[in-house]
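*Asks:* Generate a structure from the sequence data that follows.
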Amino acid sequence: MKIQVGKGMDEYLAKLGNLEINAPEMCEKAVFDGAKIVADQIKANIKEIPVQDKFEKYATGIKTIQKEGLIRSFGIAKCRNDNGYINVKAGFDGYNALKTKKYPSGQPNAMIARTVEAGNSHTKKHPFVAPAVRATKEKAEMAMQMTIDQEINKIMN
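*Replies:* Purely as a prediction, here's the structure:
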C-alpha cells in the first residue's frame, strides 16, 4: 500500500522546520517581554523608596541623589543563550552623583541597591526587588506565553 503525501503536508513540514529554526529568537523575545514587566515594577518600587536627606545615625531612607542614581541606572541586559537556557539580567550600572572620600567617582549604584534591599547595621531595609518579582510573576509568565503564541501564529499562518 502506498500513501501519497500532498502539497499541504509539505507546507506543514516546512512551517514546522521554520519553528525549529526560529525557536531561540522566539524564546529570547518572550523572556525579554517577561523581564520588561518585572523591570517596570522594580522601577516603580524604586520610586517608592523613602528619602531621608538629612543625616541621622540610623537611616530610614536614602538620599534623593542616591534614589535618582538607582532610577537612572536600572536596566535590562541583552538576552544570552547559555547551552539552551535563555537568560536575561536586570540590574544597576555605574555610579550615582554622591561623591565621598571612599567613592570619589560616586557610589556604586549596585551597592546602594543591595543596601536598600537588605539593609545593614545603620540603614533600615526597604525591599523593592523581591516584592516586584513576586507581584509580577504570573503577569510576566502570561506575557511570555502570549509572545510565544504570537510568534508561532506568525510562522504557522
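*Asks:* which stretches of the chain have low pLDDT?
*Replies:* For the chain, the stretches with pLDDT under 70 are 1-7.
*Asks:* what about residue 19, distance to residue 149?
*Replies:* Using Cβ to Cβ, to the nearest Å, one gets 12 Å for the distance from residue 19 to residue 149. Backbone N, C-alpha and C define where each C-beta goes, glycine included.
*Asks:* the more surrounded of these two?
*Replies:* residue 19 (14 against 11; other Cβ atoms under 10 Å).
*Asks:* so that one makes contact with residue 156?
*Replies:* Yes. Using Cβ atoms under 8 Å, residue 19 makes contact with residue 156 at a distance of 7.4 Å.
*Asks:* residue contacts, the residue nearest the centre of the chain?
*Replies:* For the chain, residue 35 is the residue whose C-alpha lies nearest the centre (Cα atoms, centre = their mean; 3.7 Å). Going by Cβ atoms under 8 Å, 6 or more residues apart in numbering, residue 35 touches 76, 88, 90, 140.
*Asks:* who's in contact with the first one?
*Replies:* It stands for residue 76. 32, 35-36, 39, 88-90.
*Asks:* what about the closest residue in space to it that isn't next to it in sequence, how many neighbours?
*Replies:* Among residues not flanking residue 76 along the chain, residue 90 sits closest, at 4.9 Å (Cβ to Cβ, 6 or more residues apart in numbering). Residues lying near residue 90 (other Cβ under 10 Å) number 17.
*Asks:* Please name the residues that touch the closest residue to residue 99 other than its chain neighbours.
*Replies:* Nearest non-adjacent residue to residue 99, counting by Cβ to Cβ, 6+ apart: residue 106, 5.5 Å away. Neighbouring residues of residue 106 by Cβ under 8 Å, 6+ apart: 69, 94-99.
*Asks:* hmm, try it at 7 Å
*Replies:* Residue 106 is in contact with 95-99, counting by Cβ atoms under 7 Å, 6 or more residues apart in numbering.
*Asks:* and what of residue 89?
*Replies:* residue 77.
*Asks:* Recalculate using a threshold of 10 Å.
*Replies:* 35, 75-80 (Cβ atoms under 10 Å, 6 or more residues apart in numbering).
*Asks:* which among these end up buried?
*Replies:* Buried by 16 or more other Cβ atoms under 10 Å: 35, 79, out of the contacts of residue 89.
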